[in-house]
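> sharing a model that was predicted from the sequence below.
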Amino acid sequence: MRVAARWAIALAFAFACGVALSYGQTYASDALRPIFNSAAPVVAVAGIASLAAGRAWTSAALGGLAGPTLVAGYYVTAHLRGFDGSASYIALWGTAGILFGAAMGLATWLLRANVGAIWRAAAASLWPGIAIGEAWHGISRISDSTPAAYWWTQAAIGAAVLLVLAGWRVPTWTARALAVAFTAAIAAGVFALYGAI
């Protein structure tokens, strides 16, 4: 398949996920509603979309495009459904989509590439760190308005993904220990970032 077609399919997938987020916020059960208003699924979608690229810079670029494309799908759908969206939130989440999407695209490539153990450890820690940091925010700051069970589940999934990726793609025990440390640092950074916005 030609490169342009792969990229178009990847971005259409991201846009469709944004549409799904808008409807999910309305129709999902209370227990599942946070998944449709969380960063971890958005970053995961950017990583999946970036699989359509084959090099480091193209993976980062496609991930960086997929993030805001998903955000666009969400806000376009919300607007068509009659919900207002502030320009500041659109700018905030669009920018976050670019930055975190590009990082996730690069991480996805690093996990598949023939690179050193430390690079793989860093790549394996990105999504788990985001998921755990966001769950930490959910548990400690907004558990009165969102179900704490959801956030504990997201944290457990983040830890499980770290274990799988570190065991599968990170070749040494030293690098695996680094992956755990990187995950903790990313989680702390995400928690701090949520506290600042």
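Cool, got the structure.
> what's the local residue count around G85?
Number of residues near G85 (other CB atoms under 10 Å) recorded here: 14. No exception for glycine: its C-beta is placed from N, CA and C like everyone else's.
> if I look at it, how far off is F36?
Distance, G85 to F36, by CB to CB, to the nearest Å: 15 Å.
> now do the contacts for the spatially most central residue of the chain.
Taking CA atoms, centre = their mean, the centroid of the chain lies closest to V43, which sits 1.6 Å from it. Residues in contact with V43 (CB atoms under 8 Å, 6 or more residues apart in numbering) are 67, 100-101, 104, 126-127, 130.
> neighbours of A31, just the number please.
Using other CB under 10 Å, A31 has 12 neighbouring residues.
> next one: phi and psi at it?
phi -70, psi -30 (degrees, to the nearest 10).
> ditto for T172
phi -120, psi 160.
> got the contact list for the residue nearest to it when sequence neighbours are not counted?
With sequence-adjacent residues excluded and distances taken as CB to CB, 6 or more residues apart in numbering, T172 is closest to A117, at 5.2 Å. Residues in contact with A117, defined by CB under 8 Å, 6+ apart, are 170-172, 174-175.
> could I get these as TSV with neighbour count?
Shown next, in TSV, are these (neighbours: other CB atoms under 10 Å):
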residue	neighbour count
V170	25
P171	13
T172	12
T174	12
A175	20
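> pLDDT and secondary structure added to those residues, as TSV?
TSV is the format used below for the contacts of A117 (pLDDT from 0 to 100; DSSP: H, G, I helix; E, B strand; the rest coil):
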residue	pLDDT	secondary structure
V170	96	coil
P171	94	coil
T172	96	coil
T174	97	helix
A175	97	helix
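> looking at those, spot the one nearest D30.
V170 (37.0 Å; CB to CB).
> isn't the closest one up against A121?
Yes - the criterion here is CB atoms under 8 Å, and V170 meets it with A121 at 5.1 Å.
> so what sits against both of those two?
Common neighbours of V170 and A121 (CB under 8 Å, 6+ apart) are 176, 179.
> now the helices for this protein?
Here the chain has its helices, by DSSP state H, at 3-27, 39-50, 56-80, 87-112, 117-141, 148-169, 173-196.
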